[in-house]
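Peer 1: take a look and give me a structure for this.
(one chain, ligands or ions: 1)
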Amino acid sequence: MSRLIVISNRVQVPKGDDEGAQGGLAVALFAALRRQNGIWFGWSGETGESRELRFETNADVTTAVIDLSEQDVEEYYNGYANRTLWPLFHYRLDMAEHERDYQGGYQRVNRSFSEIIAPHIEPDDLVWVHDYHLIPLGSLLRERGVTNRIGFFLHIPWPPKRLLTALPEHQALVETLFAYDMVGFQTEEWLDSFRDYVTNNMEATIDGDRITVGERTIRAIACPIGIDAQDFVASLSSEDATSTHARMVESSNGRDLIVGVDRLDYSKGLQERFTGYERFLSTHPERAARVYLLQIAPPTREAVQSYRDIRAVLNAQSGLINGTHADIDWVPLRYVNRGHSRSMLGGIYRAARIGLVTPLRDGMNLVAKEYIAAQDPDDPGVLILSQFAGAAAQLDQAILVNPYSADDIAEAIERALSMPREERIARWRPMFESVMAEDVTWWLARFIDALKEA
Ligand code: GDG
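Peer 2: Sure, this is the predicted structure:
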């Protein structure tokens, strides 16, 4: 059997018994790496000048990591990946920074990844590159003589062509994708945007899922990522989940819990969500004191100014909402910047009458799927989901909202709170079935099978 080589920006190391706490994607990749005797390559997350690969085998999974220099981290990771591509691919032209140094750092790190990893690739290996940090890696591996099958999966949206052309080196970047054998996107919508770009800008011809530019033909598919659904459902009976659930029920004091769980990122629409919630509080005062919003938002990427800015905005906004609306025995918004274990999150989701998931743009959004997986089949809560999350294509029985509209969010909250149990069950069941069927194992098999056929 051919080995599987996974390459991503960061690498997770399996932690034996505690593996389930590491997130669905990591666990599914561990399983595939074990089965196919593979290696997972990437950045260690540390800074250092040595370029040496450090191999490690834990719970039968081999990982290999390198350090990056401070300059690399600044230009490649904080720079091009998170100040240029992330905002642009999330439709935030206004926030995208274009610096030659960032672009240079991105090329340099991708090149050194290719130099360091290429010697470890054997003739029959399948190579799978992940996400926007490493778009050019396939073409750089080709330059070093790697002729293996190489696939690429983009976890974030692919932007419309008119936005992408704001990237000074857009065409050169997209050309590098044609070094892969297969490219996967989360949804048909992102795939359509990609096709639209390549037909307009690169005279591509399309035949089914094959796209040809000049001499190169690649396969491009939509392949929506899922959660480790069975394991997530099983974790709901853990001590951590049940005690957290009980704690939430008790501290709710009979009030309905609305929950949001997001990395603190401007793409997640937290500012707009708070404004929508505030609109609900002011327009439904009779209902308002019967609910509260718990927003969990662990900070990320704090080396990047725009992330410090959004954090400051949310601090002020949450203070204002509570200052304006709170009563002596009621706080309308619990805003928590700490992370929680996966099973604790399960208990919280299950206790929540509403899951409020309103990103302005999201490749997929796994929180929406976790919320659905965690519900009580006899008395499920209601998912309010942004129409701009990739997950909306599969979870179309949610109340879909425009996350920019405070009125839309306020109305959806009111509608969810007054939704009869039969309707809640009727909406939840097909979504639960889809989350269970199209889980992370399904996604992984679909991608790898398509790559083998490419
Ligand atoms: C990218 C794309 C795509 C969050 N807070 C805590 C916590 N989380 C977990 C959630 C969920 C995961 O992190 C977040 O996944 P998302 O999909 O919501 O978002 P991104 O991090 O932006 O991920 C996204 C994804 O890649 C996969 O392809 O869906 O569109 O942007 O699983 O539960 N986990 C724990 N404590 C927390 O406080 N343990």
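Peer 1: averaged pLDDT, stretch 316-336. What do you get?
Peer 2: Mean per-residue pLDDT for stretch 316-336: 96.
Peer 1: do the same with stretch 346-364
Peer 2: Per-residue scores along stretch 346-364 average to 98.
Peer 1: make 23 the first number, not 1, from now on.
Peer 2: Renumbered: residue one is now 23, and that last one reads stretch 368-386.
Peer 1: residues near Y393, how many?
Peer 2: 33 (other CB atoms under 10 Å). Just so you know, the C-beta spots here come from the backbone N, C-alpha and C atoms, and that holds for glycine as well.
Peer 1: interface residues of the stretch 373-476 of the chain facing the ligand?
Peer 2: For the stretch 373-476 of the chain, the residues in contact with the ligand (CB under 6 Å from any ligand atom) are 384-389, 392.
Peer 1: now with 5 Å, please.
Peer 2: With CB under 5 Å from any ligand atom as the criterion, the stretch 373-476 of the chain comes near the ligand at residues 384-389.
Peer 1: neighbouring contacts of stretch 216-223?
Peer 2: Applying CB atoms under 8 Å, 6 or more residues apart in numbering, the external contacts of stretch 216-223 come out as 180, 182-183, 186-187, 192-193, 196, 205, 207, 226-228, 233, 235, 242.
Peer 1: one more time with 10 Å, if that's ok
Peer 2: The set of residues external to stretch 216-223 that reach it, using CB atoms under 10 Å, 6 or more residues apart in numbering, is 176, 180-187, 192-193, 196-197, 199-200, 205, 207, 210, 226-228, 231, 233-235, 240, 242, 244.
Peer 1: inside helices: which ones of the residues you listed?
Peer 2: The helices, defined by DSSP state H, take in 183-186, 192-193, 196-197, 210 from these.
Peer 1: surely Q93 and T69 touch.
Peer 2: Yes - counting by CB atoms under 10 Å, Q93 sits close enough to T69 to count as a contact (9.3 Å).
Peer 1: for whichever residue of the stretch 223-372 of the chain sits closest to the ligand, give me its contacts.
Peer 2: Closest to the ligand within the stretch 223-372 of the chain is G361: 3.4 Å, counting by CB to the nearest ligand atom. The contact partners of G361, by CB under 10 Å, 6+ apart, come to 283, 285, 318-322, 367.
Peer 1: now swap in G230 and tell me
Peer 2: Applying CB under 10 Å, 6+ apart to G230 gives the contacts 241-242.
Peer 1: from R241, how far out is it?
Peer 2: 9 Å (CB to CB, to the nearest Å).
Peer 1: A459 too?
Peer 2: 23 Å.
Peer 1: spatially central residue in this structure, please.
Peer 2: Among the residues of the chain, the one closest to the centroid is N387, at 5.3 Å (CA atoms, centre = their mean).
Peer 1: in the stretch 173-322 of the chain, which residue sits nearest the ligand?
Peer 2: Evaluated by CB to the nearest ligand atom, the stretch 173-322 of the chain has H177 as its residue closest to the ligand, separated by 3.7 Å.
Peer 1: is it true that that residue touches L156?
Peer 2: No - taking contacts as CB under 10 Å, H177 lies outside contact range of L156: 11.2 Å.
Peer 1: give the residues shared as contacts by these two.
Peer 2: When contacts are counted by CB under 10 Å, 6+ apart, H177 and L156 have S30 as shared neighbours.
Peer 1: which one's more surrounded, these two?
Peer 2: Neighbours per residue (other CB under 10 Å) separate H177 from L156, with L156 holding more: 22 against 17.
Peer 1: and the spatially closest residue to E121 that is not a sequence neighbour, what are its phi and psi?
Peer 2: Using CB to CB, 6 or more residues apart in numbering and skipping residues adjacent in sequence, the residue nearest E121 is G101, 6.6 Å away. Reported as degrees, to the nearest 10, the phi and psi values for G101 are phi -80, psi -90.
Peer 1: is G101 in contact with L90, as I believe?
Peer 2: No - using CB under 10 Å, G101 makes no contact with L90, being 11.8 Å away.
Peer 1: need the overlap of contacts for the two.
Peer 2: Common contact partners of G101 and L90 (CB under 10 Å, 6+ apart): G127.
Peer 1: what about the helix or strand bottoming out on mean pLDDT in the chain, near the ligand?
Peer 2: The helix or strand of the chain with the lowest confidence, counting by mean pLDDT, DSSP states H and E, is helix 46-57 at a mean of 83. No - figure legend: helix 46-57 not in contact with the ligand (CB under 5 Å from any ligand atom); closest approach 6.2 Å.
Peer 1: check which residues of that helix are buried.
Peer 2: Along helix 46-57, these residues count as buried under the neighbour rule (16 or more other CB atoms under 10 Å): 46-55.
Peer 1: remind me what the strand or helix carrying I470 packs against, helices and strands.
Peer 2: Here I470, judged by DSSP states H and E, is contained in helix 462-475. The contact analysis (3 or more CB pairs under 10 Å, 6 or more residues apart in numbering; DSSP states H and E) places helix 462-475 against strand 26-32, helix 46-57, strand 148-152, strand 171-175, strand 204-207, strand 238-244, helix 251-257.
Peer 1: in JSON lines: those, plus distance to K290.
Peer 2: Formatted as JSON lines, the helices and strands packed on helix 462-475 follow (distance: least, CB to CB, whole Å):
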{"stretch": "strand 26-32", "distance to K290": "19"}
{"stretch": "helix 46-57", "distance to K290": "18"}
{"stretch": "strand 148-152", "distance to K290": "20"}
{"stretch": "strand 171-175", "distance to K290": "21"}
{"stretch": "strand 204-207", "distance to K290": "20"}
{"stretch": "strand 238-244", "distance to K290": "22"}
{"stretch": "helix 251-257", "distance to K290": "20"}
